[in-house]
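>>> Task: produce atomic coordinates for the following.
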Amino acid sequence: MNLTVCPSLLLPNLRTYSPKARKLLFDGVNVSHTLPLLRREIRRGILLSTGQRVPRLSISGVQEKYGLVRQETVLRLPTGNEQTQYILKPVPIDLDNPTDVPANEHLTMQLASQVYGIVTAANGLIFFADGEVALLVRRFDITADGSKRRQEDFASLSGRTRQLAGPDFKYEGSYEQIARLIHQYLPAARVEIEKLFRLVLFNYLFSNGDAHLKNFSILETTDGDFLLSPAYDLINTSLHVHDSDMALKDGLFADDYTMPGSEVYGYHIFDDFLDFGLRIGMMEKRIRQQMAPFQQDQPLVRALIGRSFLSEDGKTTYLASYESRLKRLSYSFDKRL
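Predicted structure coming up:
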C-alpha cells in the first residue's frame with residue numbers, strides 16, 4: 001500500500017506511521033501499517049480458536065470488532081484468554097458508503113484530538129494484506145503491565161440495561177442526565193463537566209448521531225478515583241445513515257425542558273448549548289470560552305479532511321456537513337453573540 005500521509009495523524013509526506021504516531025500507538029515500536037493477514041483469515045481464526053461467531057457492534061449494530069495483541073513489531077490474534085491491546089474495526093456491511101466508515105471514524109477522532117483538544121483513544125488506519133482498510137484503536141483501559149483498569153459506561157451508571165429498559169436502552173435519557181451522574185460520581189466534577197460539554201458540542205458539530213450512553217465512560221485513575229475516559233467511537237454518521245441530530249431520545253435536556261433554538265429553527269443553535277451549559281453547572285463566561293473554537297471555521301479541519309482517507313465524495317459530504325453545523329452554531333437570539 002503506497003501512502004503519502006501518515007495513516008494515523010494524517011501528517012503529509014509520509015509513507016507510514018510518523019514517529020509521534022508510533023509512540024502513541026505502539027510505544028515507539030516500528031509496526032507496519034500493513035497487517036500480514038486477510039480479513040477472512042481473522043474471522044476464520046476467531047471461529048476456530050473460540051468456536052464462537054464474531055460479535056457485531058457499532059453503527060446500527062453492523063460493525064464488527066476484533067481484539068488484537070502486539071508481539072514486538074507484529075499485530076496478531078490473541079490465543080486462549082490472552083489480553084488484547086487493540087481493537088480492529090474493518091469495513092462494515094449494510095451501510096451507505098461502507099468503505100468510508102474506517103476513514104470517517106479515524107478522521108473524526110483526529111479532528112477531536114488535533115483541532116479541539118479532546119483526549120481520544122490513540123488510533124490509526126491499518127491495511128489488510130490485500131489493501132482493505134480498517135481502523136486500529138489502542139485500548140486505554142489496559143495498563144503497561146497488561147492489567148485492566150476499571151471502566152464503566154453511562155448506560156450502566158444510569159441503571160439502564162436491555163432487560164430493564166428494552167432493546168434501545170443505550171439511547172434512553174439525555175446528556176443533562178449524564179452530567180448529573182458526573183456530579184454524583186466524579187470528585188473533579190467541575191473539570192469533567194467541561195469535558196462532557198465539549199464532547200457533546202463536538203458530536204453535534206460533526207454530526208455524530210450515535211453518541212449514546214455506552215459511548216461515554218468513566219475510567220479508573222492510578223489514584224483509584226474516576227475521570228471521564230478518553231473519547232471513542234466518534235464518527236460522522238450522516239455519511240452512512242439517516243439519523244437524528246442527537247442520539248439520546250431526550251436530547252440535550254432533562255425534565256422536558258423546552259429548547260429555544262430548536263423550537264424556532266427545528267435544530268440546535270448557540271442558545272441551546274448556552275442553556276445546556278448553564279443547566280449542567282457551568283458559568284456563562286466559561287461556556288462562551290469553551291464554545292468559541294467550535295463556532296470558528298478552523299483551517300485545520302479543512303486540511304485534515306483533505307488529507308483523510310475518505311473517498312472524494314466522502315470528503316465533499318463531510319465538509320458540507322461541517323459547514324452546515326458550523327452555521328447553525330452562529331445563530332442566536334442573543335445580540336451579544
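
>>> for the protein, what spans make up the helices?
Using DSSP state H, the helices found in the chain span residues 19-26, 39-50, 101-114, 154-157, 162-165, 175-185, 189-205, 260-265, 270-279, 284-295, 299-307, 312-328.

>>> In the stretch 151-300 of the chain, where is pLDDT below threshold?
260 (pLDDT under 70).

>>> mind redoing it with 90?
Scanning the stretch 151-300 of the chain for pLDDT under 90 picks out 161-167, 222-224, 241-244, 256-266.

>>> one step back: of the helices of the chain, which stretch is the most buried?
helix 101-114 (a mean of 25; mean count of other Cβ atoms under 10 Å). Quick note: C-beta positions are derived from backbone N, CA and C, even for glycine.

>>> Which strands or helices does that helix pack on?
strand 86-90, strand 123-127, strand 133-138, helix 299-307, helix 312-328 (3 or more Cβ pairs under 8 Å, 6 or more residues apart in numbering; DSSP states H and E).

>>> Could you measure from the closest residue to Leu326 other than its chain neighbours over to Asp243?
Nearest residue to Leu326, sequence neighbours excluded (Cβ to Cβ, 6 or more residues apart in numbering): Asp297, at 6.2 Å. Using Cβ to Cβ, to the nearest Å, Asp297 is found at 25 Å from Asp243.

>>> Looking at those two, which is more packed in?
Of the pair Asp297 and Asp243, Asp243 is the one with more neighbours under other Cβ atoms under 10 Å, namely 15 against 11.

>>> who touches the closest residue to that one other than its chain neighbours in this structure?
Distance criterion Cβ to Cβ, 6+ apart; nearest residue to Asp243, sequence neighbours excluded, is Gly209 at 3.6 Å. Residues in contact with Gly209, defined by Cβ atoms under 8 Å, 6 or more residues apart in numbering, are Thr237, Ser238, Val241, Asp243, Ser244, Asp245, Met246, Ala247.

>>> Which among those residues count as buried?
Thr237, Ser238, Asp245, Met246, Ala247 (16 or more other Cβ atoms under 10 Å).

>>> Any figure for the gap between the residue nearest to Asp243 and Ile235?
Gly209 is 9 Å from Ile235, by Cβ to Cβ.

>>> Domain ranges for the protein, per the record?
Domains of the chain are assigned by automatic domain parsing as 19-138, 151-328.

>>> Dump these to a markdown table, plus distance to Pro7.
As requested, the domains of the chain are arranged in a markdown table below (distance: least, Cβ to Cβ, whole Å):
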| stretch | distance to Pro7 |
| --- | --- |
| domain 19-138 | 4 |
| domain 151-328 | 7 |
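
>>> Can you name the residues that contact the closest residue to Val119 other than its chain neighbours?
Leaving out its chain neighbours, the residue that sits closest to Val119 by Cβ to Cβ, 6+ apart is Pro230, at 4.7 Å. By Cβ under 8 Å, 6+ apart, the contact set of Pro230 is Val119, Thr120, Ala121, Phe140, Leu219.

>>> So which of those is surrounded by the most neighbours?
Thr120 (21 neighbours).

>>> from what I can see that residue touches Ala112, true?
Yes: counting by Cβ atoms under 8 Å, Thr120 does reach Ala112; the two are 5.3 Å apart.

>>> Just confirm Ile287 contacts Asp272, I think it does.
No: Ile287 lies out of contact with Asp272 (Cβ under 8 Å); the separation is 11.5 Å.

>>> Enumerate every residue touching Leu68.
With Cβ under 8 Å, 6+ apart, Leu68 has these contacts: Leu75, Arg76, Leu77, Pro78, Thr84, Gln85, Tyr86, Ile87, Leu88, Leu136.

>>> As a markdown table, the helices of the chain with distance to Arg70 would be great.
Listed next are those as a markdown table, based on distance: least, Cβ to Cβ, whole Å:
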| stretch | distance to Arg70 |
| --- | --- |
| helix 19-26 | 6 |
| helix 39-50 | 15 |
| helix 101-114 | 19 |
| helix 154-157 | 29 |
| helix 162-165 | 33 |
| helix 175-185 | 33 |
| helix 189-205 | 28 |
| helix 260-265 | 46 |
| helix 270-279 | 40 |
| helix 284-295 | 34 |
| helix 299-307 | 26 |
| helix 312-328 | 30 |
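
>>> Which of those helices sits closest to Ala129?
Closest approach to Ala129 among the helices of the chain (Cβ to Cβ): helix 39-50, 8.6 Å.

>>> Quick check: Thr73 touching Ser32?
Yes: using Cβ under 8 Å, Thr73 is in contact with Ser32, at 7.3 Å.

>>> the more surrounded of these two?
In this view Thr73 and Ser32 are compared by other Cβ under 10 Å, and Ser32 has more residues nearby, 14 against 10.

>>> quick one: the more buried one from Ser308, how far?
Note on Ser32: its distance to Ser308, by Cβ to Cβ, is 21 Å.
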